[in-house]
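Visitor: Got a sequence here, can you build the structure:
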Amino acid sequence: MINLNVQFLDDDYIASVADSVLKQNSLTSIPVNIERVIEFNYRMDIVPIPSLQTAYDIEGCSAYNFTAIYVDQYVYEQRYNRYRFTLAHELGHKILHQEYYNKLNFFSFSDWASVVEQIDENDRSKMEYQAYMFAGMILVPPEFLRVEFMEQLRLFESQIEQARSNGYSRDAYAPTVLDAIAIELSRKFEVSKAVLSRRIKNESLEQEIR
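Guide: Next comes the predicted model:
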């Protein structure tokens, strides 16, 4: 077993790191151009690999020295939103976890698959959670999300009022409104509906539905 003693990072800290990355890289519009940031600002190549997921159960991973991000070719070509999230996730590992990666020895995909299995489950879980949260915050920045969410919510005002007039409780109509907003905003931010829904929840925006 490989013990890395990965530090616990709370969501507020991860949010502050993501915000710094957004500002340092002048990411001031959506959808966030994560490809350009990785290739030009962090000098990492993006390399599609045929059958990476089939052969090694890996959608994406970074080179041991973070000079490249390898992505399953099918994900790269056919699952655009997933591809973008994979890039942001791997960038999260570089920014948050490079010191831990420096302790690992892997030079091939089979090496990486083997090393991952040996990492202490608690360490692995913390790194994956932290990179997942970072990716969501980079691709769906809180300030942009709030503005877009409130704009979409205004479009539902008449429907919400109608639901209230018909005697429906908030618990009855809020999930439908949230679902519709998540679908629309997932297109704008170019992420999956699941990622967008998670970001709405993390930012407590569902409370804006009265």
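Visitor: low-scoring pLDDT stretches of this protein, where are they?
Guide: Within the chain, no range satisfies pLDDT under 70.
Visitor: All the helices of it, in order from the start?
Guide: 11-24, 34-36, 52-56, 73-78, 80-101, 109-118, 121-139, 142-155, 157-165, 170-189, 193-202 (DSSP state H).
Visitor: between those helices, which gets nearest to Asn3?
Guide: helix 121-139 (6.7 Å; C-beta to C-beta). All C-beta spots, glycine's among them, are computed from the backbone N, C-alpha and C.
Visitor: how about the closest one: buried residues?
Guide: Buried residues in helix 121-139, defined by neighbour count with 16 or more other C-beta atoms under 10 Å: 123-124, 126-127, 130-139.
Visitor: just stretch 6-18 next, same as before
Guide: Neighbour counts over stretch 6-18 (16+ other C-beta under 10 Å) mark 6, 9, 14-15, 17-18 as buried.
Visitor: what's the spacing between that stretch and its chain's center?
Guide: 14 Å (C-alpha atoms, centre = their mean, to the nearest Å).
Visitor: Distance-wise, check Thr86 relative to Ala113.
Guide: For Thr86, the distance to Ala113 equals 16 Å [C-beta to C-beta, to the nearest Å].
Visitor: okay, these two: which has more neighbours?
Guide: Thr86 (24 against 15; other C-beta atoms under 10 Å).
Visitor: can you pull the contacts of that one?
Guide: 59-60, 69, 71, 75 (C-beta atoms under 8 Å, 6 or more residues apart in numbering).
Visitor: Adding neighbour count and distance to Glu208, write those residues out as TSV.
Guide: Shown next, in TSV, are these (neighbours: other C-beta atoms under 10 Å; distance: C-beta to C-beta, whole Å):
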residue	neighbour count	distance to Glu208
Glu59	20	33
Gly60	23	34
Ile69	24	36
Val71	25	36
Val75	20	34
